[in-house]
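# coords please:
(chains A and B)
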Amino acid sequence: AQTVTQSQPEMSVQEAETVTLSCTYDTSENNYYLFWYKQPPSRQMILVIRQEAYKQQNATENRFSVNFQKAAKSFSLKISDSQLGDTAMYFCAFMKLYSGAGSYQLTFGKGTKLSVIP
Amino acid sequence: GAVVSQHPSWVICKSGTSVKIECRSLDFQATTMFWYRQFPKQSLMLMATSNEGSKATYEQGVEKDKFLINHASLTLSTLTVTSAHPEDSSFYICSARGDRAGEQYFGPGTRLTVT
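As a prediction, the model looks like this:
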């Protein structure tokens, strides 16, 4: 079974500054995806960024980028130029692919509550 | 594209009654849908995986007879909470698997309050 650990229950950052959210995971799988999801107060889950495990290059989406360290099983999210709208819960998630039971299921970490301070 | 809807967004029911929650993929066909439960200030916990035309697969600890899941078409999955009790009060979220590997789209969630 997979586990996802987010060790920072809460974080805060000044508007326009940079913040990094940590995530580690444990798996024996070789084919998998990693995700960061954002859940604002509306509670709608929003995909922030996705990383395929077979890709060495770190994924980026505008102000969001990841540091994917496969050997260390680490997957941190960096938010640059933080904006007030970034205030939300952030969940790191793992998805196993292509191998029977449990494929395509998401396993979530406990989340990090990020507050962007004006 | 890739929109998932849930209905209702909020439901209040009396203890002992049943309530049905619908999850629809609006602009794509979803062979696989997932149901999650989220308690306040907690993470999402997978309840079950439903595949169109077959029985749902429930996670350990989830009561199959209490949480009935039906995936009768490629665009609709339903979760029925039977004989609801106050401890079933929670936020229920569905998601649908997309066409490309790794894609999963979330509905807006349903808040269930059992009085």
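
# if I look at the residue nearest in space to the middle of chain B, how far off is chain A?
For chain B, residue B:35 is the residue whose C-alpha lies nearest the centre (C-alpha atoms, centre = their mean; 3.8 Å). In this view, residue B:35 and chain A are 11 Å apart by C-beta to the nearest C-beta, to the nearest Å. Where you see a C-beta, it was placed from the backbone N, CA and C, and this is true even at glycine.

# my guess is that residue contacts residue B:50. True?
Yes: using C-beta atoms under 8 Å, residue B:35 is in contact with residue B:50, at 7.1 Å.

# contacts only, for residue A:106.
Taking C-beta atoms under 8 Å, 6 or more residues apart in numbering or on different chains, we find residue A:106 in contact with A:35, A:93-95, B:34, B:44, B:46, B:95, B:104.

# okay, and which of those map to helices?
Per DSSP state H, helices hold no members of the contacts of residue A:106.

# for those, point out the one with the lowest pLDDT.
Minimum pLDDT for the contacts of residue A:106 is recorded at residue B:104 (90).

# how distant is stretch A:84-94 from the center of its chain?
8 Å (C-alpha atoms, centre = their mean, to the nearest Å).

# relative to residue B:72, how far out is the nearest residue to residue A:23 once chain neighbours are set aside?
Leaving out its chain neighbours, the residue that sits closest to residue A:23 by C-beta to C-beta, 6 or more residues apart in numbering or on different chains is residue A:92, at 3.5 Å. Residue A:92 sits 33 Å away from residue B:72, going by C-beta to C-beta, to the nearest Å.

# same thing with residue A:72?
Distance, residue A:72 to residue B:72, by C-beta to C-beta: 44 Å.

# show me the contacts for the most centrally placed residue in chain A.
The centre of chain A sits closest to residue A:36, judged by C-alpha atoms, centre = their mean, with a distance of 2.8 Å. Taking C-beta under 8 Å, 6+ apart as the criterion, residue A:36 is in contact with A:21, A:23, A:47-49, A:64, A:66, A:75, A:77, A:90-93.

# one more time with 7 Å
By C-beta atoms under 7 Å, 6 or more residues apart in numbering or on different chains, the contact list for residue A:36 reads A:48-49, A:77, A:90, A:92.

# now do residue A:67
Contacts of residue A:67 by C-beta under 7 Å, 6+ apart are A:58, A:76, A:78.

# next, count neighbours for the closest residue to residue B:58 other than its chain neighbours.
In this structure, residue B:58 finds its nearest non-sequential neighbour in residue B:48, 4.6 Å apart by C-beta to C-beta, 6+ apart. Residue crowding around residue B:48 was assessed by other C-beta atoms under 10 Å in any protein chain shown; the count is 22.
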